[in-house]
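Undergrad: Sequence first, predicted model second:
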Amino acid sequence: MEASSIQETTNQQNLLLLVALRWVAVVGQVITIAVTALSFHIVLPIPGMACVLMALAAANIVSFYRAANGATISNGELFVQILIDVSALTLQLYLTGGASNPFVGLFLIQVILGAVLLQPVLSWSLVAVTTGCFVLLTVCYRDIGLAGHVMGPHAGAALVHLHRWGALIAFILAAALQVLFVTRINGNLRQRDTRVAELRQQTAEEAHIVRMGLLASGAAHELGSPLATLSVIMNDWGRMPALSANHELGGELGEMQTALARCKEIVSRMLLAVGETRAEGAERTTLVQFFDQIVEDWRASRAPARVDYLNQIRADADIVSDAMIKQALLNVFDNALEASPAWVGIEVAVRAHLVVVKVHDKGPGFAPEILARFGKPYASTKQRPGRGLGLFLVTNVLRKLGGNVVGRNNAEGGATVTVRFPIGVLSLGAPDAAV
């Protein structure tokens with residue numbers, strides 16, 4: 001996951017928190033209006049205040065739809081969302097006494113949210129906007145007539161008492177909302193920082209693998225030429241009558257050719273590890289025979305307890321065998337056998353010009369954290385050097401060929417790894433993708 005994607009995910013989570021805060025504000029305003037009108041018998045402009053609440057609810061529905069459907073949420077959009085809340089609060093305060101309303105302190109909630117969520121320039125812009133709204137409310141507001149509502153010789157004290165209760169309720173509401181939502185927002189930010197740190201660690205690990213691959217590729221290419229020369233010379237020696245007549249020298253020559261073949265195999269594996277291979281191993285065959293031979297060779301070399309192999313390829317075709325794909329499949333087979341020594345299931349099919357190989361096992365399955373990093377380096381529960389690199393290399397090989405590798409846990413237990421790649425990479429007329 002890229003850093004920009006992490007920031008977008010964090011913004012989506014923060015927008016959902018703003019949506020929740022807005023619903024709390026709508027419900028709180030409805031309760032406050034009801035208590036003020038019914039308990040204190042204060043005449044309020046309910047139609048106008050209701051219109052503001054309906055506008056807030058409509059904005060909330062749109063915002064929730066965007067966040068829930070994965071829309072890209074920028075820092076500027078969060079700024080606009082907070083401005084909507086500031087505008088709604090300003091209108092409600094204008095209709096209920098302006099700056100003399102004890103709930104005017106709720107402007108601070110928007111300022112604090114802006115300081116946590118927004119970039120510095122937007123945070124200071126929000127401070128300027130809320131300050132301007134406060135100043136405007138000191139001179140422009142609708143008087144709700146509290147002076148006429150509270151009569152008698154103690155009217156002034158009653159107004160002060162009423163204002164104190166309003167200020168207390170506003171303080172409790174502001175403090176509770178700030179603690180609740182700022183805490184959750186900080187949690188989102190900590191999660192973002194954790195994901196960024198993991199991304200940096202992953203990038204460093206993959207860069208290390210790339211450097212290793214470049215070193216292996218360079219060494220393998222350098223060794224390829226002298227090994228090919230030695231192979232030609234030994235083949236020539238094998239046809240010389242003087243050497244063929246000498247059984248002792250012939251036996252030693254055979255051992256040398258075996259050792260040379262082993263060296264060439266090691267070089268081929270080094271090239272395979274970095275997504276390359278040597279073209280000399282390519283052979284003409286058919287699609288069905290290619291996979292049958294891979295499974296047969298693996299069965300003979302690994303001797304698994306039981307293998308259920310099902311080749312569902314109906315339309316056979318002439319192809320060129322690909323050592324890179326063969327080694328990638330062998331790695332997947334080996335992983336399944338290690339997880340499930342008693343049984344491995346293998347299915348091969350062609351669907352929509354894609355070769356699909358499914359490898360089943362009856363092991364413990366993948367841990368959730370392994371599935372989340374499937375195909376990444378060191379994503380493995382194996383406690384040994386090189387853990388998880390086999391699957392990482394398989395993933396890179398298939399990606400190079402236009403395919404992919406997907407792992408999942410089965411409902412009945414065990415796991416399935418599905419390998420897909422275009423059938424065209426094996427066709428006789430395809431360019432050699434392995435060289």
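TA: Looks like it came in fine.
Undergrad: Determine the number of other residues adjacent to residue 15.
TA: If you count neighbours by other C-beta atoms under 10 Å, residue 15 ends up with 21. Any C-beta I mention is one placed from the backbone N, CA and C, and that applies to glycine too.
Undergrad: now swap in residue 349 and tell me
TA: 15.
Undergrad: show me what contacts it?
TA: Neighbouring residues of residue 349 by C-beta atoms under 8 Å, 6 or more residues apart in numbering: 312, 313, 355, 356.
Undergrad: any chance of these in JSON lines, plus secondary structure and pLDDT?
TA: Formatted as JSON lines, those follow (DSSP: H, G, I helix; E, B strand; the rest coil; pLDDT from 0 to 100):
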{"residue": "312", "secondary structure": "coil", "pLDDT": "94"}
{"residue": "313", "secondary structure": "coil", "pLDDT": "92"}
{"residue": "355", "secondary structure": "strand", "pLDDT": "94"}
{"residue": "356", "secondary structure": "strand", "pLDDT": "95"}
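Undergrad: out of these, who's nearest residue 114?
TA: residue 356 (51.5 Å; C-beta to C-beta).
Undergrad: Quickly list the domain ranges of this structure.
TA: 3-203, 209-273, 279-426 (automatic domain parsing).
Undergrad: Lowest average confidence across the ones you listed, which one?
TA: Sorting the domains of the chain by mean pLDDT places domain 209-273 lowest, at a mean of 75.
Undergrad: ends of stretch 32-45, how far apart?
TA: In stretch 32-45, first residue to last residue: 13 Å (C-alpha to C-alpha, to the nearest Å).
Undergrad: residues of it that come out buried?
TA: Using 16 or more other C-beta atoms under 10 Å as the burial criterion, the residues of stretch 32-45 that qualify are 32, 33, 36, 42, 44.
Undergrad: Go through the residues you listed and say which is closest to residue 329.
TA: residue 32 (67.7 Å).
Undergrad: Look up which helix or strand that closest one falls in, please.
TA: Per DSSP states H and E, residue 32 falls inside helix 3-39.
Undergrad: what does stretch 417-431 rub up against?
TA: Against stretch 417-431 from outside (C-beta under 8 Å, 6+ apart): 284, 287, 290, 317-322, 325, 328-329, 332, 335-336, 350, 353-359, 394, 398, 401-408, 433.
Undergrad: Now for residue 141: which residues touch it?
TA: 93, 94, 97, 98, 99, 100.
Undergrad: try it again with 6 Å
TA: Listed by C-beta atoms under 6 Å, 6 or more residues apart in numbering, the contact set of residue 141 reads 94, 98.
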